[in-house]
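1. coords please:
(2 chains)
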Amino acid sequence: MSMLHTPPNRPAGKSIQLMTTCLCDAFYADVAQATVEILEFLGCEIELPDGQTCCGQPAFNSGDWVSSRKVVRHTAKVFAGDKPIVAPSGSCAAMVFHGAPLAFEKEADLPEIQALANRTWELLDFIVFGLGVTEWPGKFDAKITVHRSCHLRGSRSPEAMASLLGSIEGLTVEPIDETEQCCGFGGTFAVSFPNISNSMGTLKIEKLTASKPDIVAAADMGCMMHFGGMMEKQGYPQKRMHVAQILRDSLKNAGKI
Amino acid sequence: MKTQQQIDRTARDLDPEVHDSNFMGAKLKSERRYATLHRDYDDPDKLRETAGLIKQHTLEHLDTYLAQAEASFQRNGATVHFAVDDDAVNAKVLSIMNENNAKSVVKSKSMLTEETHMLKYLEENGKEVVETDLGEFILQIDNDHPSHIVTPIVHKNRRGIAKSFEREGLGDYNDDPETITRRARKHLRQKYIDADVGLTGGNFVSAESGRVVLVTNEGNARFCMAANKIHIAVIGIEKLVPTDRDLGLFLNLIGRSGTGQQLTVYNQFIAGPKSKDQPHGPEQTHIIFVDNRRTEVLASDCREILRCIRCGACLNVCPIYRQSGGHAYRSVYPGPVGAVLSPLLAGNRFPELADLPKASSLCGACNEVCPVNIPIPDLLLRLRDKAKREGAKVAMKGTPNLAMWATLCSQPTMWKTALSMGHTMNYIPTELVPHPSAKSWQGARKLPKFQGGEFRKWFKNRK
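-> Numbering: from 1, shown residues only, chains lettered A, B, ... in the order given. Below you'll find the predicted structure:
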């Protein structure tokens, strides 16, 4: 297996478990709220497992796989069952469907973790390829640019995102140069490699704002916290929105919710 | 700063001119690669996946293919040697030279000879060695080392090169690239004619026919064996492919991935010395298959890295490589491939290079461009785990202790308490917190406002 190819034959259905992600839980309540609102608009019945915490990615990426496995095991326990698990973040979803099985490849409970992986979706991937919704009946008058988060790479999420945003009335998505350029977050990478991380973030912001958009969007709060924090420090005027928030607001604008 | 890694400091202190050379050199090649591959093939990913499968298959049956290659080369009249480590390779080359009373070598570009410090070894043993790849030649006169696998002097500019040529007596200062090339050519021409031995690496080896394939853009590898009597090819055992037919795929991929060329300018297929049917070429061909810890890598959980065909695409696209340059990696192989390969090839010196796998935001661009589909980010992660398990201190610098965090994440009650208590953070001027991680983050970014628990409250109370 390579890249972040999503597992085949994941369960779809409208009865789902929502993985809030720790960043939304701690910092971005409205992104989680928007996620709930758009999924309910699509007729989903949402269960929010109360014991959920974090996907285990910080320790996984830092090389502390013992700690990471502890958190993943907890996640597997909390998200028991066979419903689809949906997360409004490419990186957290990829941690569950790709990272966790990697961290467990020599462990006896790999099958349980693989089962968890096999029903986990990134939000936009779920909407388009799980629920079969490709057109978004919303309205949103704005010019935006979109950061393709690295953890969407290799998955179908960028395609799903383009399809949904592209169908919103009034919304223009401006192309950006060097889509493949990472924003420079990488978890503790940003702390241990501050100079390189800052240079990467600065480059990314240049590309994202070159066409003077009204809004800079993405589908991963990790990236957004990083380049958003930089944009704020440097005084960039653009608003930043998670794609879920754009989808939700566009429904409101169209009087659908 | 306490948390800062060595590569980050190197990037910070890099001469701006060198930074720009690295950055632009890498970026332009990435753009050319993308344009060529996508213009010529509808689905380049299929090619990459196929090439990866062929390489992986070869690695998994390496013993069979090595034996087949040995027999094929012998049938062609070449002499085959096996060398277990760097000392053995160097000693073998020296002994072939001594047996034939050879004094001078013209050498073509080879990363493996960088691994074994061949040039220095032969010079210390009284041999004259001349690098003939223009970039490598410039490195040799500057007493420098490559900073890129394919473009070894990506870190230099023509003004510096013109000064080096002036210093070495290769003409007055002149930074016109054509003049520089012409002067080098004139200087090297006599070296080719006078040399006793031509030393090359090998990009691919066909086990079926016993052919070394060499790709260059300068033709220097070819000249290295045009006039002299002995050709020695030093080749890593991972360079094998099963059949001649496979070469079509790899030659199409290596040029496009490395430099954005459809095909490299010179592609040589060398089977053995001259013979009745093959009137031109050296009188002796020696193939030295080199292990140098490759079988250890093959036995590890990072064996996929041995698929690498050294095209440099992952270096060019890597945002860390672009910012820091190849020398920051303190080893023969830089960039993402080097961050995996170098610590593995270091053997028990692994801890010294265990920080290299950390020099990545795990963005995955390297995997996306790799012509043999190596899951480099996964391998970097496995090596981070290895570094932690083996207590490699330098690698763990800057990584907070995550055991406490894991405990917090495994106990929902504690987690929720922390979420609601976290609101006090909004009233603490965190920019003044003297913790190095906080300083490192907040030097350039603002932290978002804490809203812990608000979503859960909303979800519970809304109906």
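2. going forward, measure contacts and count neighbours with C-alpha atoms only.
-> Will do.
3. I'd assumed residue A:149 was in contact with residue A:182.
-> Yes - Residue A:182 is in contact with residue A:149 according to C-alpha atoms under 8 Å; the separation is 7.3 Å.
4. residue ranges of the helices in the stretch 1-150 of chain B, please?
-> All helices of the stretch 1-150 of chain B, identified by DSSP state H, counting those that start in this stretch, fall at B:6-13, B:16-40, B:44-60, B:62-75, B:86-99, B:111-115, B:118-124, B:134-142.
5. pLDDT on the shortest one, on average?
-> The pLDDT scores in helix B:111-115 average 97.
6. mean pLDDT per helix and strand in the chain: which one sits at the bottom?
-> Since no chain was named, I'll use chain A. Lowest by mean pLDDT, DSSP states H and E among the helices and strands of chain A is helix A:189-192, with a mean of 90.
7. my bad, the chain I had in mind was chain B
-> Least confident helix or strand of chain B, by mean pLDDT, DSSP H and E, is helix B:436-442 with a mean of 68.
8. enumerate the positions of the next helix or strand after that one that are buried.
-> Proceeding N to C from helix B:436-442, the next assigned helix or strand is helix B:454-461, under DSSP states H and E. Judged by neighbour count using 16 or more other C-alpha atoms under 10 Å in any protein chain shown, the buried positions of helix B:454-461 are B:454, B:455, B:456.
9. ok, the nearest residue to the first one once chain neighbours are set aside - contacts?
-> Ranked by C-alpha to C-alpha, 6 or more residues apart in numbering or on different chains and with sequence neighbours excluded, the top spatial neighbour of residue B:454 is residue A:29, at 6.0 Å. Each residue near residue A:29 by C-alpha atoms under 8 Å, 6 or more residues apart in numbering or on different chains is listed here: B:451, B:452, B:453, B:454, B:455.
10. how close does residue A:5 get to residue B:372?
-> 16 Å (C-alpha to C-alpha, to the nearest Å).
11. could you do residue A:241 as well?
-> Remark: distance between residue A:241 and residue B:372 (C-alpha to C-alpha) = 37 Å.
12. what do you get for residue A:16?
-> 38 Å.
13. who in the stretch 101-250 of chain B is up against chain A?
-> Taking C-alpha under 8 Å from any C-alpha of the partner chain as the test, the list of the stretch 101-250 of chain B residues beside chain A is empty.
14. in the stretch 101-250 of chain B, what residue is nearest chain A?
-> Proximity of the stretch 101-250 of chain B to chain A (C-alpha to the nearest C-alpha) peaks at residue B:155, 17.3 Å away.
15. pick out the residue closest to the middle of chain A.
-> Nearest to the mean C-alpha position of chain A, by C-alpha atoms, centre = their mean, lies residue A:89 at 1.7 Å.
16. phi, psi of the residue lying closest to that one once chain neighbours are set aside?
-> Of all residues not flanking residue A:89 in the chain, residue A:220 sits nearest, at 4.4 Å (C-alpha to C-alpha, 6+ apart). With angles defined as degrees, to the nearest 10, residue A:220 sits at phi -150, psi 120.
17. ok, residue A:220 to residue A:94 distance?
-> Taking C-alpha to C-alpha as the measure, residue A:220 falls 11 Å from residue A:94.
18. residue B:9: what's it in contact with?
-> Contacts of residue B:9 (C-alpha under 8 Å, 6+ apart): residue A:195.
19. where does pLDDT dip in the stretch 151-300 of chain B?
-> Counting by pLDDT under 70, not a single residue of the stretch 151-300 of chain B qualifies.
20. in it, which residue sits closest to chain A?
-> Of all residues in the stretch 151-300 of chain B, residue B:300 sits closest to chain A, at 13.1 Å by C-alpha to the nearest C-alpha.
21. ok, back up a step: ok, and what's touching the least confident helix or strand of chain A?
-> Residues from elsewhere that reach helix A:189-192 (C-alpha under 8 Å, 6+ apart): A:184, A:197-198, B:3-5, B:8, B:358-361, B:397-399, B:437, B:440-441.
22. please redo it, this time with the cut-off set to 10 Å
-> Residues from elsewhere that reach helix A:189-192 (C-alpha atoms under 10 Å, 6 or more residues apart in numbering or on different chains): A:61-62, A:184-185, A:196-198, A:200-201, A:226, B:1-8, B:358-362, B:396-400, B:436-442.
23. and these, which of them are buried?
-> By neighbour count, with 16+ other C-alpha under 10 Å, the contacts of helix A:189-192 hold A:61-62, A:184-185, A:196-198, A:200-201, A:226, B:3-8, B:358-362, B:396-400, B:436-437, B:439-442 as buried.
24. more neighbours: which of residue A:16 and residue B:372?
-> residue B:372 (28 against 19; other C-alpha atoms under 10 Å in any protein chain shown).
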